[in-house]
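> what would the 3D arrangement of this be:
(chains A and B)
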Amino acid sequence: MDFRRIEWIFLVAFIALDIFLGWSMTQSQRVYLTATATSESSQTAADIKHDSISLPALSDKTSDASYVAGQNNNALSQNYAKLSKTNLRISLATDDNQTLTARLTTPLQLGKKNVVKQLETYVHDSGNVLFGSHYSYMKDLGSDTRYVFVEKVNGRTMIDERAMLTLTVKDDALTMYQQTYIDQVQAMDNEQSIMSARDAVYTLYRANEIVDNSRVLWVRKGYTWLLTAKGSQVYTPAWFIGVESKSSKSVSIKRVNAITQTVMKAH
Amino acid sequence: MKFRDIVLRLFLIAAVVISLVCTWYIWFNPAHLDRKTTTGSTAVKTSKTTTAEHEKNVFEPLNVYYQQNGSKSLVARSDGRVATRIRRGIASWRINSVGASRKLSLENYDKILTLDDSVQMTYWGEMNWRTFDQMYFKKAAIKQPKDFKFNRIVFNLRTQKMLLVNDATRTMRRVKLHKKYAFTPITGAISKAKSSYPLVEKRIGTREVAFYDGSFAVKQYTYILDKQGANHYINALMSGGNNAPSSVDAKQLGNQTVYTMNDNNQRLAVDRNDSMMEYENFATDGPAKTTTKVLSAAYSDMTRLNIKEMRGMSYYNYDQTDGSVMFRMVVNGLPIISDLLSGSVEVTHTNASKRIAFSGDNLSVAIPTSTTTVKMPSSQTVLNELLAKGIKMSSITDLQLAYAWTKDSDSNQVVDLVPTYFVQVNDEYYNYQDIIDGSVSTAGMNTKSDASVNTETTGTNAEFSVNN
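Residues are numbered from 1 along each chain as shown, chains lettered A, B, ... in the order given. Prediction:
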């Protein structure tokens, strides 16, 4: 087949394509929109089932919450001298938020049973971890080698890298941890009813963030960073949803802003 | 290469380019883009009580002045409005009757304006009696007068009397209260004000304009934005509120995306460069006949926008010449003024159509910030600078301390409300700083002749001169 014939074939094909595209452009551009109030969930539930998506028991209870705001703080740098210098090598990174990294000079050997309890004991010792009592273990965020603790600030659970304690365990021994800390937050003036766990999952589904043949493993509520402006860091109440692919078994964590009811992309 | 080969190759290239252009156009068509957006519209469930109370808040006066010991101040608070406290405090009052309208001499009118131990609440536009009676008091006045317009409510704290004044016509009506009510709710509301801006009122045209003495600073705010796209407003305004799937046609017209339905009887135009939107309904009944119903209908239309945060929205003006009712957000006692209608909603109902102009960007909540306050110059200083820039006094119809809607440098999810003065020239508001620094040209601003504008002044008004 010579080159000229190929060119003729391509020309005919592209002309046909152009005719089709031109016809598409001249048609009325129609937008189909659905406003779905949070109460109309039965259709969504049916669609979820049809798509082979498994859900745990989901609460439809709503609660009240508002944005909260905090300031950058130097609590870690101001207090790290209180940590035990014989056991820990400390380094501090300071950008928008301070991150304290502590490496155990001698890894702490952990018994095979009740690893979490042993780590909690370690964390709550003020010589080991600053403000350790502010953190509590959240299994869903970690793995076999990373144990993640989230901070509770003024009674609110922060699920955010700015308020997190991550312990690294290798060969059954605690080797290091990394810590960020939020000092205080104050509620902002927009307390209102926020969406329920069930509505958060449905919102995620409607946004095509839960694909066919998936499993929702867990749903947690916490506060996460929204924006920084004028020296204030604003956090919003959000739903964190762990979604597992039934085929690959990989787990991804999705977030839904509980106030604006929109999916939050990774920042 | 033969001529035929060249032509063939050119046609092929053209066909490929055409297909790419068509693909690009279809891909970026607003209809295609809107299918990608996933923000659901959520009905904001409100009880009847909440809506009724909110409507009363909206139709409160813009300004609350307190005159004491020979000086007057605008009083305000950032966590709610002084006018709301006063309204709630006197809700149980009942008016017996309203006296006949009395034209005041300049001297007597000035006496009212400078009445010591008085609280004066003013509307920027005019309010009508019937709406005022309905919104303020649980029980209607015993003897209903014929409807009339006013813009100033005067509470004489010494004599415990109440007046309704129309500044434009310098007329006054005495209000006879049904009983001897205690004025303590009013003084209590004043005592809880957190901000106080000293001023004198001077007449510009038919308006008493607050002239601030420049001895104070005004707080600047940063607010999180509640941004809503076209989907939200299409569902709120065009779907009939029944949450059923609906379809609209989308077209690109210049800088606007225009959505239409019902054979073009309803349209929503969305500006692609900013957040300005305009909804129009051509298949609607004509406007209401009475001012009360016009204002009530305009309020209902505003609430159809289904904006989450409506606190602070306030009635601003009803222009009977074009049938438009303007609402503006008020923060810390000051309105927000923006040429993109940010923080504002304008409802215009004529025989031809009903139109709602608004912005897709609305205020959500203020961020606690470390921003300091802004020291304001005096109103006279600002006026002198504007006159020196060539603007004629006769072209100015208002000079207002207000908030300018300003993009924030840190984040596009927030907006700064920066206090400044806005000057109204030929019915348009301009940030005075834009005129002073040349961002806005003054060419064409002085279109009114001196002879056509009323520059009558009261006894207390100073002469307007660059040398003041």
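
> which strand runs longest in chain A?
Using DSSP state E, we find that the single longest strand of chain A is strand A:214-229.

> near chain B, anything from that strand?
Yes - judged by CB under 8 Å from any CB of the partner chain, strand A:214-229 and chain B are in contact via A:L226, A:L227, A:T228, A:A229. Just so you know, the C-beta spots here come from the backbone N, C-alpha and C atoms, and that holds for glycine as well.

> dump those residues to TSV, plus pLDDT.
Converted to TSV, those look like this (pLDDT from 0 to 100):
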residue	pLDDT
A:L226	95
A:L227	93
A:T228	90
A:A229	89
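
> so among the residues you listed, which ones count as buried?
Buried members of the residues of strand A:214-229 next to chain B, scored by 16 or more other CB atoms under 10 Å in any protein chain shown, are A:L226, A:L227, A:T228, A:A229.

> circling back to that earlier point, and the helix or strand following the longest strand of chain A, C-alpha only, in PDB?
Heading C-terminal from strand A:214-229, the first helix or strand you meet, by DSSP states H and E, is strand A:232-245. What follows is strand A:232-245 as a C-alpha-only set of coordinates in PDB (Å, rounded to 0.1, in the frame of the first residue of the first chain):
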ATOM      1  CA  SER A 232      -4.800  31.700  60.800                       C
ATOM      2  CA  GLN A 233      -5.200  28.100  59.900                       C
ATOM      3  CA  VAL A 234      -8.800  27.100  59.400                       C
ATOM      4  CA  TYR A 235      -9.900  23.600  59.900                       C
ATOM      5  CA  THR A 236     -13.300  22.100  58.800                       C
ATOM      6  CA  PRO A 237     -15.200  19.200  60.200                       C
ATOM      7  CA  ALA A 238     -14.900  16.400  57.600                       C
ATOM      8  CA  TRP A 239     -15.800  12.700  57.100                       C
ATOM      9  CA  PHE A 240     -12.900  10.400  56.400                       C
ATOM     10  CA  ILE A 241     -13.800   7.300  54.500                       C
ATOM     11  CA  GLY A 242     -11.600   4.300  53.900                       C
ATOM     12  CA  VAL A 243     -12.400   2.700  50.500                       C
ATOM     13  CA  GLU A 244     -10.900  -0.600  49.500                       C
ATOM     14  CA  SER A 245     -10.900  -2.100  46.000                       C
END
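
> buried residues in stretch A:94-108?
Going by 16+ other CB under 10 Å, stretch A:94-108 has these buried residues: A:N97, A:Q98, A:T99, A:L100, A:A102, A:L104, A:P107, A:L108.

> residues contacting the second one?
A:Q98 makes contacts with A:N73, A:N74, A:A75, A:L76, A:S77, A:L92, A:T180, A:Y181, as judged by CB atoms under 8 Å, 6 or more residues apart in numbering or on different chains.

> repeat the analysis, applying 10 Å as the threshold.
By CB atoms under 10 Å, 6 or more residues apart in numbering or on different chains, A:Q98 lies in contact with A:72-78, A:80, A:92, A:162, A:179-181.

> how about stretch B:15-26: buried residues?
Within stretch B:15-26, judged by 16+ other CB under 10 Å, the buried ones are B:A15, B:I18, B:S19, B:C22.

> no wait, stretch A:115-133
For stretch A:115-133, by 16+ other CB under 10 Å, it's A:V115, A:Q118, A:L119, A:E120, A:Y122, A:V123, A:N128, A:V129, A:L130, A:F131, A:G132.

> equivalent analysis for stretch A:47-59, please.
A:I48, A:I53, A:L55, A:L58.

> ok so, going back, among the contacts of A:Q98, which are located in strands?
Using DSSP E, the contacts of A:Q98 in strands are A:L92, A:Q179.

> among the contacts of A:Q98, show me the least confident.
For the contacts of A:Q98, the model is least confident at A:N72; its pLDDT is 83.

> give me the secondary structure label for B:A404.
The three-state label given to B:A404 by DSSP: H, G, I helix; E, B strand; the rest coil is strand.

> can you give me the helices for chain A?
For chain A, the helices defined by DSSP state H cover A:3-26, A:42-50, A:75-79, A:115-123, A:197-206.

> and chain B, by the same measure?
B:3-27, B:30-36, B:48-58, B:82-89, B:106-113, B:129-136, B:184-191, B:230-238, B:291-303, B:379-388, B:432-436.

> in TSV, list those along with distance to A:D199 and mean pLDDT.
TSV is the format used below for the helices of chain B (distance: least, CB to CB, whole Å; pLDDT from 0 to 100):
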stretch	distance to A:D199	mean pLDDT
helix B:3-27	32	88
helix B:30-36	21	48
helix B:48-58	22	82
helix B:82-89	33	95
helix B:106-113	55	95
helix B:129-136	36	96
helix B:184-191	40	95
helix B:230-238	17	89
helix B:291-303	23	95
helix B:379-388	50	95
helix B:432-436	45	94
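
> dump those into a markdown table; add distance to A:S41 as well.
Below are the helices of chain B laid out as a markdown table (distance: least, CB to CB, whole Å):
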| stretch | distance to A:S41 |
| --- | --- |
| helix B:3-27 | 32 |
| helix B:30-36 | 22 |
| helix B:48-58 | 25 |
| helix B:82-89 | 37 |
| helix B:106-113 | 59 |
| helix B:129-136 | 38 |
| helix B:184-191 | 45 |
| helix B:230-238 | 17 |
| helix B:291-303 | 26 |
| helix B:379-388 | 56 |
| helix B:432-436 | 50 |
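
> determine which of those helices approaches B:L253 most closely.
helix B:30-36 (10.4 Å; CB to CB).

> how's the chain carved up into domains?
Just going to use chain A. Chain A breaks down into these domains under automatic domain parsing: A:47-71+A:186-267, A:74-179.

> wait, chain B was what I had in mind.
B:49-193, B:224-366.

> can I get the ones you listed in TSV including mean neighbour count and distance to chain A?
Below are the domains of chain B laid out as TSV (neighbours: other CB atoms under 10 Å in any protein chain shown; distance: least, CB to the nearest CB, whole Å):
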stretch	mean neighbour count	distance to chain A
domain B:49-193	17	7
domain B:224-366	19	4
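
> which one of these lies closest to A:I6?
Per CB to CB, nearest to A:I6 of the domains of chain B: domain B:224-366, 37.1 Å.

> so where do the strands sit in the stretch 201-350 of chain B?
Assigned strands in the stretch 201-350 of chain B, in chain order: B:207-212, B:217-219, B:221-227, B:246-253, B:256-261, B:266-271, B:276-281, B:313-319, B:324-331, B:334-337, B:344-349 (criterion: DSSP state E, counting those that start in this stretch).

> same question, the stretch 51-200 of chain A
A:63-65, A:68-71, A:88-94, A:98-109, A:135-137, A:146-153, A:156-158, A:164-170, A:173-179, A:186-187, A:192-194.

> how about the CA coordinates for the fourth one, as PDB?
Just to be clear, that refers to strand A:98-109. In PDB, the C-alpha atoms belonging to strand A:98-109 read as follows (Å, rounded to 0.1, in the frame of the first residue of the first chain):
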ATOM      1  CA  GLN A  98       6.900  22.500  63.100                       C
ATOM      2  CA  THR A  99       7.700  18.900  62.600                       C
ATOM      3  CA  LEU A 100       9.700  17.100  65.300                       C
ATOM      4  CA  THR A 101      11.500  13.900  64.300                       C
ATOM      5  CA  ALA A 102      12.800  11.800  67.200                       C
ATOM      6  CA  ARG A 103      15.100   8.700  66.500                       C
ATOM      7  CA  LEU A 104      15.500   6.300  69.400                       C
ATOM      8  CA  THR A 105      19.200   5.800  70.100                       C
ATOM      9  CA  THR A 106      18.300   2.300  71.100                       C
ATOM     10  CA  PRO A 107      15.200   1.000  69.400                       C
ATOM     11  CA  LEU A 108      12.500   0.000  71.900                       C
ATOM     12  CA  GLN A 109      11.800  -3.700  71.600                       C
END
